[in-house]
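> Dropping a prediction and its sequence here:
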Amino acid sequence: MSNSKFILGVYEEEDILLLAIKNVRAAGVKIHEVYSPFPVHGIDDVLGYKRSKLSIAAFMFGLLGTSLALTLQVGMMGFDWPMIIGGKDFIPYPSFVPVIFELTVLLAAYGMCFTFFIISDLKPWAKPRIFDLRITDDKHVMAIDLDKNHLDVGKLDKLLKDSGASEVNQKNFDDV
Amino acid sequence: MTSESVIREPLVTGGKTVHDVTEDISRRVEEKPTRLWMIAMAISLGLLAVGAYTVFLLLWNGVGMWGLNKTVGWAWDITNFVWWVGIGHAGTLISAILLLFRQRWRMSINRAAEAMTIFAVICALQFPILHTGRPWLAIYWMFPLPNTFGSLWVNFNSPLLWDVFAISTYFLVSLIFWYIGLIPDFATIRDRAKNGISKRIYGALSFGWDGAAKTWSRYETVALVLAGLATPLVLSVHTIVSMDFATSVIPGWHTTIFPPYFVAGAIFSGFAMVLTLMIVTRKVYKLEDYITIQHLEMMNIVIIITGSIVGVAYLTELFIAWYSGVEAEQYAFLNRATGPYWWAYAAMMTCNVVSPQLFWFKKIRTNIAATFVLSIIVNIGMWFERFVIIVTSLHRDFLPSSWAMFYPTFVDVGVYVFTFGLFFTAFFLFAKFFPVINMAEVKSIIKISGEKTK
């Protein structure tokens, strides 16, 4: 990934951005990624991204929490050290419901969030590629990897300008 | 793309652009602390120090320092615990339930409300931890950990143990929900930072966020699923807290309406605390364009609804006590209203049931001064509610020979003061170093709900 060259189209409005993505993709250009200061409604569809499967991950971690809570409580109260408490069964299932619920929610939430951190490479020591400092302020940036596209800089520049970009810049990364 | 009814008021006023949002919110983090902030911080640190001294006395001498006696074995400690947990209900309710209902007015207030939630839960946790007397051993009493007593485990039949799981889960889930929302805003501050230290600190806090469309898409899924998980969680927490009482055999406690009644009361007090804090924050930080009168009015409407639910619950309790025909139950409520603690009952009724009804008048619920005063009255009332439920049910128990009164000692008061110091210290630090409004979310509604584009 060393020495990557990118051409960047900077957009002001999300409506223009969405149209631009459609036009650029229609022209057969491969978009590296689009960067925005806030979630843009409908951007996944025009970029052709599939819906995230993180909710499935949450469900799986939730199931893990349920079974963990059940095993924990049945094992401790029923087998490891059975005690008579208020004449109840050694394994009183209704009493187990609150802890089962809480551990299900806890594992589902943390499991999903940490999956999200890992797949999106979010970590305190991460060194992100910052294409433009204004991405986190008010500008949307479409990045096109020059090595992965056949069109030359001049043509891409024109394509982006025509699609409504307020400015077109270049950025090189020779790290990573 | 998204169209909205023309009669709806804009949620962000003053003709703000997306860049203005960044400026207005980030500037507060970047500027030097003001004198006012310094004074406020000094006061809360003072409260914290005074409180810490009484906590030290409590741990050194034991829980006998509290004013508890054989009859009233639970008083200020659990009153304060339930009060703080109740306050901690608003934040996650605002960010989770209002997200599921697509209520856009949540966006300007959710960040601060969630922060308040987290700090309130931390304050609440002080009481169960301190009441064990020896907190360094309490971890074995509270969590099912292998121990040297031959693996004698905690009792999963006990609602007190459910509480441990409910509160710690609530705390942890609220924390990660809040943090995930903060990540894009930390990235904004990182990219604006002038000096190396703040660039490095906010860089680490922002987890290397780059605003990629793919990450935003995942982020939205995560937020939605977290909201779905947090919604039943919020409702479960005070349900389980109410079971600490409802599963007992004490007249005045063992009522089946406790769970919904406690949840409504928690939302009631939580919104009141959000109002108290937000009215001050919006004034000091000049955020009138983001937290508008409309926002305050919406919260006041929630207060009328939950306050009325609480009022109905009080009356239902009285009715059921009479209707049950059980003398002990009837006496418990008669004693509450007319016994030696009548003044606490009267304070609770006035503050929680009568005064919020003033919000039916639009003039009052859109008046900032009135809202501020009433929000404080509500929280005083909610403290008395817990005090009434706990102390008046205990102080005249089954044996008239053991009837007693509860008198708080200075340590009771001091530990309460300690939690206030903790709460405000944490909140002021948050207000200075973290963006108090969720910039990314507010930016996303500027086009559809900003004044310029309406």
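Received, thanks. Numbers count the residues shown, from 1 in each chain, chains lettered A, B, ... in the order given.
> excluding its backbone neighbours, what's nearest the residue positioned nearest the centre of chain A?
Centroid-nearest residue in chain A, with C-alpha atoms, centre = their mean: residue A:120, separated by 5.3 Å. Distances taken as C-beta to C-beta, 6 or more residues apart in numbering or on different chains put residue B:215 closest to residue A:120, at 4.8 Å, once the chain neighbours are dropped. Bear in mind the C-beta positions are built from the backbone N, C-alpha and C, glycine included.
> Distance-wise, check that neighbour relative to residue A:121.
Per C-beta to C-beta, to the nearest Å, residue B:215 is found 9 Å from residue A:121.
> tell me the SS of the residue of chain A found nearest chain B?
Distances between chain A and chain B by C-beta to the nearest C-beta are smallest at residue A:126, namely 2.6 Å. Using DSSP: H, G, I helix; E, B strand; the rest coil, the structure places residue A:126 in coil.
> Could I get the full set of helices for the stretch 51-200 of chain B?
Counting by DSSP state H, counting those that start in this stretch, the stretch 51-200 of chain B has helices at residues B:76-87, B:90-92, B:98-100, B:110-131, B:135-142, B:159-192, B:196-205.
> Show me the one of those helices that comes nearest residue A:20.
helix B:159-192 (22.3 Å; C-beta to C-beta).
> pretty sure the residue nearest to residue A:120 is in contact with residue A:117, am I right?
No - Residue B:215 is beyond contact range of residue A:117, at 10.5 Å (criterion: C-beta atoms under 8 Å).
> ok, stretch B:29-49 near chain A or not?
No - using C-beta under 8 Å from any C-beta of the partner chain, stretch B:29-49 stays clear of chain A, coming no nearer than 13.3 Å.
> Quick check: which element contains the residue nearest to residue A:120?
Here residue B:215, judged by DSSP states H and E, is contained in helix B:213-246.
> Which positions in the next helix or strand after that helix come out as buried?
Tracing the chain past helix B:213-246, the next element assigned as helix or strand by DSSP H and E is helix B:258-284. Judged by neighbour count (16 or more other C-beta atoms under 10 Å in any protein chain shown), helix B:258-284 contains these buried residues: B:258-259, B:261-279, B:281-282.
> again, but for stretch B:419-436
Neighbour-count burial for stretch B:419-436 [16+ other C-beta under 10 Å]: B:419-428, B:430-432, B:434-436.
> Sitting in helices, which of those do you find?
B:419-428, B:430-432 (DSSP state H).
> for these, which one is nearest residue B:134?
Among those, and counting by C-beta to C-beta, the member closest to residue B:134 is residue B:419, at 19.7 Å.
> how would you label residue A:144: helix, strand or coil?
strand.
> Now for it, how many residues are close by?
Residue A:144 is flanked by 23 other residues according to other C-beta atoms under 10 Å in any protein chain shown.
> contacting residues around residue 139?
All of this is about chain A. Residue A:139 is in contact with A:10, A:11, A:12, A:37, A:132, counting by C-beta atoms under 8 Å, 6 or more residues apart in numbering or on different chains.
> let's do chain B instead
By C-beta under 8 Å, 6+ apart, the neighbours of residue B:139 are residue B:145.
> any chance you could map the strands in chain A?
Counting by DSSP state E, chain A has strands at residues A:4-11, A:33-35, A:140-145, A:167-173.
> From the chain's centroid, how far away is the shortest one?
The reference is to strand A:33-35. A distance of 12 Å separates the centroid of the chain from that of strand A:33-35, by C-alpha atoms, centre = their mean, to the nearest Å.
> And for that strand, what's in contact with it?
With C-beta under 8 Å, 6+ apart, strand A:33-35 has contacts from A:17, A:21, A:43, A:47, A:131-132, A:135, A:140-143, B:210-214.
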